[in-house]
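# give the three-dimensional model of this entry:
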Amino acid sequence: MPIPIREGMIGSDVAPGSRSKVSKANPRSTSLSTVVPRGIVEQLTLTPGDFLDWDVQGTQRDKVVVVRKVKNP
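Okay, here's the model as predicted:
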């Protein structure tokens, strides 16, 4: 379910409903990979080699993933 983006929120320039498909990262692994939508790349000024910090927030029924660009850990 897409998260609504309200006026004035950081990321309001990202198209609501931006989606990316999840794929297997490696046939022998349970890891998955996806493409970061262009609007998110621009908002976070991402470049190849950057690191992302992933945080799952919310309730069992309503979860949101917060992704932050972080300096090299």
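# dump the residue contacts of the residue located most distally from the centre of the chain.
Each residue of the chain has a distance to the centre, and by CA atoms, centre = their mean the biggest one is for Arg28: 23.9 Å. Counting by CB atoms under 8 Å, 6 or more residues apart in numbering, Arg28 makes contact with nothing. C-betas here are computed from N, CA, C, even on glycine.
# work out for me the element it sits within.
Assigned by DSSP states H and E, Arg28 belongs to no helix or strand.
# in this structure, what helix or strand scores lowest on average pLDDT?
Using mean pLDDT, DSSP states H and E, helix 38-44 stands out as the lowest-scoring helix or strand of the chain, at a mean of 88.
# shaky segments in this structure?
Along the chain, segments meeting pLDDT under 70 span 1-16, 73.
# that one: strands as residue ranges?
Per DSSP state E, the chain carries strands over the ranges 23-24, 32-33, 51-58, 63-70.
# among the ones you listed, which is nearest Thr45?
strand 63-70 (7.4 Å; CB to CB).
# which secondary structure elements does the least confident helix or strand of the chain contact?
strand 63-70 (3 or more CB pairs under 8 Å, 6 or more residues apart in numbering; DSSP states H and E).
# using CSV, list the CA coordinates for the strand it packs on.
Extracted in CSV, the C-alpha atoms of strand 63-70 (Å, rounded to 0.1, in the frame of the first residue of the first chain):
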residue,chain,number,x,y,z
LYS,A,63,4.4,-0.9,8.7
VAL,A,64,6.5,1.8,7.1
VAL,A,65,10.1,1.6,6.1
VAL,A,66,12.3,4.7,6.7
VAL,A,67,15.4,4.8,4.5
ARG,A,68,18.2,7.2,5.3
LYS,A,69,21.5,7.9,3.4
VAL,A,70,24.4,7.4,5.8
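# next, the angle from it to strand 51-58.
160 degrees (axes from the mean of the first three to the mean of the last three CA atoms, to 10 degrees).
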